[in-house]
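A.B. asks: Would you be able to build a 3D model of this:
(one chain, ligands or ions: 2)
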Amino acid sequence: EGKIMADKLRRIMDLKNNIRNVTVVAHVEHGKSTLVDSLMAAASESSSSIKSTGTTLYYEMTDAALKNYKGERQGNEYIINLIDSPGHVDFSSEVNVALRITDGALVVVDCVKGVSVQTETVLRRAFEERVRPVLTVNKMDRCFLELQVDGEEAYQIFSRVIEDANVIMATYTDRLLGDVQFDPEKGNVGFSSGLHGWGFTLKSFANMYARKFCVDENKMMERLWGENYFDSATKKWTSRNTGSPTCKRGFVQFCYEPVKQIIKTCMNGEKEKLWLVLQKIGVTMKSEEKDLTGRALMKRVMQNWLPVSSAVVEMMIFHLPSPATAQKYRVENLYKGPLGDIYANAIRSCDPEGPLMLYVSKMIPTSDKGRFFAFGRVFAGKVSTGLKVRIMGPNYVPGQKGNLYVTSVQRTAIWMGKKHESVEDIPCGNTVSLMGLDQYIKMDATLTNEKEVDAHPIRAMVFSVSPVLRVAVQCKVASDLPKLVEGLKRLAKSDPMVVCSIEESGEHVVSGTGELHLQTCFSTLENEIMGGVEIVKTHPVVAFRETVIGGLDFKDCICSKNMKNLTLQARPLEVELADAIDEGLFGLQTNPKGRSKVIVERFGWDQDLAERIWCFGPDGIGPNILVDKCKGGFQHMGKIKDAIVAGFQLGTESGAMAGERMWGVCFDLHRVAFSVVPKSRMEKQIMKNMQMVLQGSQMAANPRLMEPIYLVEIRAPVDVLHHVYNVIHEKRGQVIQEVLWPDTPLYNIRAYLPVIESFGISGQLTAATSGKATIVCMFDHWEVMPFDPLEAGSRAAQVVADIRRRKGLREMMRNPRVR
Ligand code: GDP
Ligand code: MG
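C.D. replies: Ligands and ions are numbered 1, 2, ... in the order given. As a prediction, this is how the structure comes out:
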C-alpha cells in the first residue's frame with residue numbers, strides 16, 4: 001500500500017510544475033506540528049504524528065479550484081514536499097537548513113499570540129534564501145470557543161497579525177521575488193484551526209458567494225477583506241460602516257459569522273437547524289457522523305465544510321512557486337560556480353536530463369544504530385539507486401584534491417512521514433533521502449555524476465546563530481570514553497549548530513546556542529546515540545570573543561621578534577561591517593571584486609583599500625579582515641601569501657588573551673621583508689610567525705573581551721510586570737521595548753540580556769510571577785565588556801583568568817609595547 005502511494009508520488013515527481021517544496025515555520029507552540037499532522041491525515045489517512053523533518057503529500061485539485069490558476073501545470077495532481085522544522089529559537093539552524101532546500105514557506109502564527117521575534121527571524125532568513133512565504137492565522141477555534149470575540153474584534157486581531165508580518169516583509173525588496181506582502185484579498189493568507197482540522201482562505205468563501213452575487217470570484221475576494229461593508233437590510237455594499245445595525249464588514253458578515261453560527265449550532269446540539277443549514281451550503285454528513293455530539297460533531301461538520309487541507313494546500317499551490325519557477329532565480333543564491341556553466345543552466349531550467357546537482361542539507365540518524373541517511377534536494381538531473389556519484393564537500397574547489405569522494409548511492413527513497421519508500425530514481429525539483437553516503441558526508445555536500453569533474457558545489461550555508469554556550473563532558477565510567485568520542489562526532493554531524501571540540505586541557509567540550517538546545521543535545525547523546533551511557537556535564541560556560549578598541553597612542557606596528565620580517569597593526573573594524581560579515585552578507589560573495597564593491601558602497605571604504613583585502617577569518621568567513629598595506633609590494637609575495645593567510649586564520653581563531661575567537665579586528669600588513677627568497681619549506685615557520693605577530697598586535701591595540709547578548713522576549717500580564725522588571729535588572733538586562741499586546745492583558749517586553757547572566761532566568765521568572773510570564777531567548781549580538789582585561793582585578797581580567805584556567809593555557813602573552 002505504501003508502495004502504491006510511493007509510485008503515485010514518483011509519477012508526479014516528473015511534473016516539475018506540479019511540485020511545491022515548502023518549509024513550515026512558526027514560533028514554538030503556535031501549532032505547526034498539529035497543522036502538519038492534520039494535513040498529513042487528510043492526504044494519507046494515517047494520522048501518525050511526524051516528529052520534525054520531511055514528508056511528501058499527494059493532493060488532487062478539482063477543475064473548479066484550478067479555474068483561476070494562471071501558472072503552468074500538467075494536470076490536476078500535485079505533490080507537496082513539506083518540511084516541519086522544530087520551532088524553538090535555539091534550533092533556528094534547522095530552519096535555515098530547511099529553507100535552503102525549499103522554495104516556499106508556510107508561516108503559522110497563533111492568532112491570539114501574534115507575530116513574535118522568532119517569526120521575524122524566520123521571515124528574514126526566508127528572504128535571504130529567496131523563499132516565498134504564505135501565512136496562516138492559526139488556532140482560529142480559540143476565537144469562537146475560548147475568547148468568544150465578536151466579528152469586528154476578531155477582524156482587528158487578524159489584521160494586526162497580518163500587518164505585523166508585513167512590516168517585516170516591507171524592509172525587504174527583491175526584484176526577483178517580486179511582491180511578497182501578505183494580503184487576504186490575494187489569497188496568500190489562510191485562517192485555520194490545525195487542531196480541529198478546518199481552515200479557509202477568502203477564496204473558499206468568495207467562490208461560494210461569487211455565484212450568489214453574480215460577481216467575479218476575485219472581485220468577491222476584495223470585498224471580503226478591508227473596508228468593505230454590507231448591509232443585509234438594504235443589500236448594498238459601502239466602503240465604510242454606515243452605522244446601521246445591519247451593516248457589517250464583508251469579512252464579518254460573510255466569513256466570520258457563518259463559521260461562528262455553525263460552531264454555535266453544533267455546540268448547542270441544535271441538530272435540526274444544523275442539517276438545514278448544512279444542506280443549504282451543500283455539506284453532506286455520513287449517517288454515522290450524524291450521531292456525533294458536542295465538540296466531536298462540531299469538528300466533523302467543520303472538517304467536512306472547510307477542510308484545512310484544501311484551504312492550506314490550495315493556498316500553497318496557488319501562491320508558492322514550483323521548482324521550475326523558483327530555480328530560475330534561486331540559482332544565483334545556490335550555485336558557487338560560474339552562472340553560465342552547464343550546471344548552473346541545468347539548475348536554472350530544472351532539467352532532469354542535465355547533470356545531477358543534488359544538495360544534501362542534513363544527515364539524519366536512522367533507527368539503525370550509527371547509520372545516517374542523507375536528506376536533500378535534487379536541483380538538476382536525476383539520482384538513482386546504484387548511481388556512482390561525486391560527493392563534493394562544501395569547500396571543494398574543482399581541480400583540487402581535498403573534499404571529494406566518489407561512491408555509489410545504495411538506496412534512493414521518498415520520505416513519507418514515518419517511513420521511507422524506496423524508488424528507482426528521483427528527478428530534479430524534489431526532496432530525496434539517500435542511504436549509503438554517511439561515511440562521506442559530514443553535514444552538507446553536493447552530489448553530481450561521477451564524470452562531471454568541473455562542477456562546483458552548491459554554496460555552504462551560513463549560520464548566523466552562534467553557539468554561545470559550552471559544556472564540558474565526561475563519562476561516568478572512564479572506560480566509556482571511546483563511546484563518548486564517537487558519540488560526540490555523531491552529535492556534531494546531526495546538528496550544524498553543535499560544535500564538539502577538545503580543549504588543550506584535554507576536556508571534551510560541546511557548544512550550543514542555549515540552555516534548552518544543549519539539554520536536547522545531551523538527551524539525544526545519552527539516549528539515542530550512546531544507548532543509555534551516562535555522561536557527566538559541567539555547568540554551561542559562555543563563549544566570548546576577543547577584539548581591540550585601538551587608540552591614538554598605538555601608531556607603532558608590531559613586527560616579529562626573531563625574524564623581523566612581518567609588520568602588522570591591529571585596529572577595530574567598523575561594527576556594522578563586522579556584523580554584516582558575521583551574518584553572512586559575504587557568505588554568498590566570495591569573489592574579491594564583488595566583495596570590495598560592497599565594502600566601498602555600503603561601508604564607505606576607500607576603493608584602493610578595499611581592493612587590498614586578502615581575506616576574512618577565521619575559517620575564511622569570520623568577521624576579521626586582513627589587508628595588504630605593503631607599499632610597493634613585496635617581490636616574492638605570491639610565494640608566501642598562502643602561509644601568511646593561514647597564520648591569519650589560525651590567529652583569529654584563537655585570540656591572545658583567552659584563546660577565544662577574534663571579532664571585528666582589521667589587521668593591516670605593513671611590511672613583509674625577507675633577506676632571502678622564501679623557500680616553500682619556510683611556509684610553516686612563516687605561518688607560525690604570522691600567528692604570533694597577529695596576537696602581539698592584538699595585545700598592543702587595547703584588547704577587549706566581548707560577551708554574547710541575548711535578545712529576550714517576555715510576555716506577562718500587567719499585575720506581575722514589576723516582578724519581570726526586577727528579574728531583568730538583577731541580571732544586567734536592558735529593556736528596549738514594552739508594548740501592550742492588543743486585545744489581551746499581556747505585555748510584550750523585549751530586552752537585551754548578557755548570556756552569562758541568563759542561566760536559570762526561566763525558572764526565576766516562573767517563581768517570581770507564579771508562572772504567568774513566558775520567555776524566549778535568542779542570541780542577538782556581541783558586546784564589548786566595559787572593563788579592561790589587562791587591568792588586574794577587573795571583571796574582564798577575572799573572566800580571562802577563568803577561561804585560561806579552564807582551558808589549561810599557560811601564561812598570557814604580554815603587551816609587546818609595554819616593557
Ligand atoms: P508547534 O510547537 O508549533 O509545533 O505547536 P504544536 O502543534 O505542538 O501545538 C502546540 C500546542 O497548541 C498544543 O498544545 C496543541 O494542542 C495546541 N494547538 C495546536 N493547534 C491548535 C489549534 O488549531 N487550536 C487550538 N486551540 N490549539 C492548538
Ligand atoms: Mg512542533
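A.B. asks: Tell me which residue of the stretch 501-650 of the chain lies closest to ligand 1.
C.D. replies: Each residue of the stretch 501-650 of the chain has a distance to ligand 1, by Cβ to the nearest ligand atom, and the smallest belongs to L516, at 12.9 Å. Just so you know, the C-beta spots here come from the backbone N, C-alpha and C atoms, and that holds for glycine as well.
A.B. asks: just the stretch 301-450 of the chain next, same as before
C.D. replies: Taking Cβ to the nearest ligand atom as the measure, the stretch 301-450 of the chain has V308 as its residue closest to ligand 1, at 8.9 Å.
A.B. asks: which strands and helices sit next to the lengthiest strand in the chain?
C.D. replies: Counting by DSSP state E, the longest strand found in the chain is strand 703-717. Counting contacts by 3 or more Cβ pairs under 8 Å, 6 or more residues apart in numbering; DSSP states H and E, strand 703-717 packs against strand 545-548, helix 721-730, strand 746-754, strand 774-784, helix 795-807.
A.B. asks: So which bits of the stretch 1-150 of the chain are right by ligand 1?
C.D. replies: 26, 28-34, 87, 138-139, 141-142 (Cβ under 6 Å from any ligand atom).
A.B. asks: most surrounded residue in those residues?
C.D. replies: Across these, neighbour numbers were computed from other Cβ atoms under 10 Å; N138 holds the maximum, 30 neighbours.
A.B. asks: so who does that residue touch?
C.D. replies: With contacts taken as Cβ atoms under 8 Å, 6 or more residues apart in numbering, N138 has the following neighbours: 26, 30-31, 35, 108-111, 192-194.
A.B. asks: Buried residues in the longest strand of the chain, which are they?
C.D. replies: Of the residues in strand 703-717, those scored as buried under the neighbour-count criterion (16 or more other Cβ atoms under 10 Å) are 703-716.
A.B. asks: now the end-to-end length of stretch 622-635.
C.D. replies: Across stretch 622-635, the straight-line distance between its terminal residues is 29 Å, by Cα to Cα, to the nearest Å.
A.B. asks: For it, the averaged confidence score.
C.D. replies: For stretch 622-635, the mean per-residue pLDDT is 84.
A.B. asks: Could you list the residues in contact with it?
C.D. replies: For stretch 622-635, contacts defined as Cβ under 8 Å, 6+ apart pick out 573, 577-579, 581-582, 609, 612-618, 637, 644-645, 648, 652-653, 661-674.
A.B. asks: Quick one, which of those residues are buried?
C.D. replies: Those of those that meet the buried threshold are 573, 577-579, 581-582, 609, 612-618, 644-645, 648, 652-653, 661-672, 674, by 16+ other Cβ under 10 Å.
A.B. asks: can you tell me which of the residues you listed are in strands?
C.D. replies: In strands, judged by DSSP E, the following of these are found: 613-617, 665-672.
A.B. asks: which one of these is nearest V471?
C.D. replies: Out of these, the one with the shortest distance to V471 is G617. That distance is 26.4 Å, counting by Cβ to Cβ.
A.B. asks: ok, now how distant is the closest one from Q691?
C.D. replies: Per Cβ to Cβ, to the nearest Å, G617 is found 11 Å from Q691.
A.B. asks: anything in contact with each of these two?
C.D. replies: Shared between the contact lists of G617 and Q691 (criterion: Cβ under 8 Å, 6+ apart) are residues 648, 651.
A.B. asks: All set, thanks.
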